[in-house]
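K.L.:
what shape does this take:
(one chain, ligands or ions: 1)
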Amino acid sequence: MDEILARLPDALLPWYARCRRDLPWRRDREPYHVWLSEIMLQQTRVEAVRGYYGRFLAALPTIGALAAAAPDELNKLWEGLGYYSRARNLQRAARIVADERGGVFPRDYASVRALPGVGAYTAGAILSICFGEPTPAVDGNVLRVCARLRDDPSPVTDAAVRERVERELAAVYPAGRCGDFTQSLMELGATVCLPNGAPDCGACPCGAFCLGRARGTARSLPVRAEKKPRRGEALTVFLLRCGDRWAVTRRPERGLLAGLWAFPETPGLLGPQEALDAAAAWGARPTGLEKSADKTHVFTHIVWNMRGYYLACAAMPERFRWVTREELESRVALPTAYRQFWEP
Ligand code: SF4
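P.N.:
As a prediction, the model looks like this:
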């Protein structure tokens, strides 16, 4: 057993009882609630998730309701959170639970891990928090804390390092307090042992035995393998308005933002006349170019460099769906990449 990690339960549990944040998903141990919050929190800040979490559960209060939701309703509830495949996987998993398990969330690791969109981290969080199992939930926060505590320079981007940390933590999980221990580690990483070189060691319950603090290396940990630079893609987006309606179109069912609504677009950055020509070729009979705007949107591996043209049109070709402002704002789920151009 690792001697430093073995000291964590005694240090973290009393601190967590005193200092834990009151978060909506910590008010009960209902698997649906914990699962939903963990999926929403992937790649997303706590403050951003609060509102989404409440709205989502108000609209879809049970796993059965999530399983039965219309895709457009689901996408609208997720609009702005990004990584929409998370929402699709949630629904696929909810259907498995509803159809194959009578609506009862599984309790064993293998079955939870087998649900779409549930990785080792999420499975560990659900099983420890909801069912008291000694299953660590190791994400970037927990890897950072463990690297600093032990002054460990192993690259945390390496899957083998993550698996080793999972095994080492599992060996020190305190019986009867597994859920609180998982959450105390998450809490330490989120509020005290902060990323980007700024740990608040003076406020840390582990300060007395942290090697990174004692040796002055904490700020330079964890070590990460270098990331590949993001690939840039250029595209032109069209805000075609005919009277009080705007054109939207479905994205392809596969790939980035699959199946979501978008403004019409073409690859490359077009000039003004080329944009008018493209709209004319679609049959929209453009009557004037109102304005243009350049924006970017950053995905995990790609950056979109986008130019938007706002065109008044005299026709509504059927290749697009033409929606009112009210529909666009309240019913059409438009990813942030496109929504940033919406200036009615
Ligand atoms: Fe992180 Fe500092 Fe605490 Fe060590 S003492 S775990 S570096 S906050």
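
K.L.:
S220: how many residues sit nearby?
P.N.:
S220 is flanked by 12 other residues according to other C-beta atoms under 10 Å. Yep, even glycine has a C-beta here, placed from its N, CA and C like the rest.

K.L.:
one more: G132?
P.N.:
Count around G132 with other C-beta under 10 Å applied: 16.

K.L.:
cool, P153 as well?
P.N.:
Neighbour count for P153, taken as other C-beta under 10 Å: 12.

K.L.:
G140 versus that one, what's the distance?
P.N.:
16 Å (C-beta to C-beta, to the nearest Å).

K.L.:
then D151?
P.N.:
The value you get for D151 to G140, if C-beta to C-beta is used, is 18 Å.

K.L.:
strands paired with the lowest-mean-pLDDT helix or strand in the chain, and their directions?
P.N.:
Lowest by mean pLDDT, DSSP states H and E among the helices and strands of the chain is strand 198-199, with a mean of 88. Next to strand 198-199 in the sheet, as set by DSSP bridges, lie strand 193-194 (antiparallel).

K.L.:
what does the stretch 201-344 of the chain put close to the ligand?
P.N.:
Counting by C-beta under 6 Å from any ligand atom, the positions of the stretch 201-344 of the chain adjacent to the ligand are C201, C204, C206, G207, C210, G212, R213, A218.

K.L.:
in three-state terms, label D180 for me.
P.N.:
Per DSSP: H, G, I helix; E, B strand; the rest coil, the local secondary structure of D180 is helix.

K.L.:
need the per-residue pLDDT for it.
P.N.:
Listed pLDDT for D180 reads 97.

K.L.:
can we start the residue count at 19 from this point?
P.N.:
I'll keep to 19 as the first residue from here, and by that count the last item is D198.

K.L.:
show me where pLDDT drops low in the stretch 219-362 of the chain?
P.N.:
Residue ranges of the stretch 219-362 of the chain with pLDDT under 70: 362.

K.L.:
which parts of it are strands?
P.N.:
All strands of the stretch 219-362 of the chain, identified by DSSP state E, counting those that start in this stretch, fall at 249-260, 263-268, 279-280, 283-285, 304-316, 320-331, 339-342.

K.L.:
chain center to the first one: distance?
P.N.:
What it means is strand 249-260. 24 Å (C-alpha atoms, centre = their mean, to the nearest Å).

K.L.:
nearest to the ligand: which residue in the stretch 69-218 of the chain?
P.N.:
C211 (3.2 Å; C-beta to the nearest ligand atom).

K.L.:
I'd guessed that residue sits against P223; true?
P.N.:
No. Using C-beta atoms under 8 Å, C211 is not in contact with P223, being 10.3 Å away.

K.L.:
those two - which one has more neighbours?
P.N.:
Applying other C-beta under 10 Å to C211 and P223 shows that C211 carries more neighbours, namely 29 against 19.

K.L.:
who touches that one in this structure?
P.N.:
N159, R162, V163, R166, P217, D218, C222, A236 (C-beta atoms under 8 Å, 6 or more residues apart in numbering).

K.L.:
helix/strand/coil for the second one?
P.N.:
For R162, the secondary structure call by three-state DSSP comes out as helix.
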